[in-house]
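Chemist: Need the 3D shape of this:
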Amino acid sequence: MKNLSNQPCLIARSLALVGDAWSMLIMRDAHAGLTRFDEFRKSLGIAPTMLTARLAALTGDGLLEKRRYSERPPRDEYVLTAAGQDFLPVLFAIGAWGRKHRSSDGVTRFFDAETGSEIDPITIDRATGAPIGTRPIRIVAPE
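Modeler: Numbers count the residues shown, from 1 in each chain. Purely as a prediction, here's the structure:
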């Protein structure tokens, strides 16, 4: 597969950063407040080498920031950057699609911490106010 990060399409470029399941799940867990290697590993059941590679990629691509929390022994934690925080609506959009098109029996649910209401995201086009997917689209490649 050719390098997606050089494609003119922003969807392709973005998938080059977070297009695998492990990266998406690490971002989900980071939004849930996990910051430490062992927390991610326990939550995901991921091999340490795989987790190390994904955390390095997410850090290198600016979605997470590595911060030292202990000098002896040296230990780092991973916290969301502004770009990482902006990724939450993407995760919720994927979850909403899954709720609609996959079995949603016995799945994790997400609630607004202040109101207690379950989060039911929709994506809206800022210019028209129309929900994305309700109007035809046209794709224009760069010239």
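
Chemist: Skipping adjacent residues, who's closest to S5 in space?
Modeler: With Cβ to Cβ, 6 or more residues apart in numbering as the criterion, S5 has its nearest non-adjacent residue at 3.9 Å, and that residue is A16. All C-beta atoms are positioned from the backbone trio N, CA, C, and that covers glycine.

Chemist: how close does that neighbour get to L63?
Modeler: Distance, A16 to L63, using Cβ to Cβ, to the nearest Å: 12 Å.

Chemist: Please identify which of those two sits among more neighbours.
Modeler: Of the pair A16 and L63, L63 is the one with more neighbours under other Cβ atoms under 10 Å, namely 23 against 15.

Chemist: which residues does the more buried one contact?
Modeler: Residues in contact with L63, defined by Cβ atoms under 8 Å, 6 or more residues apart in numbering, are 17-18, 27, 80-81, 83-84, 87.

Chemist: Alright, calling it a day.
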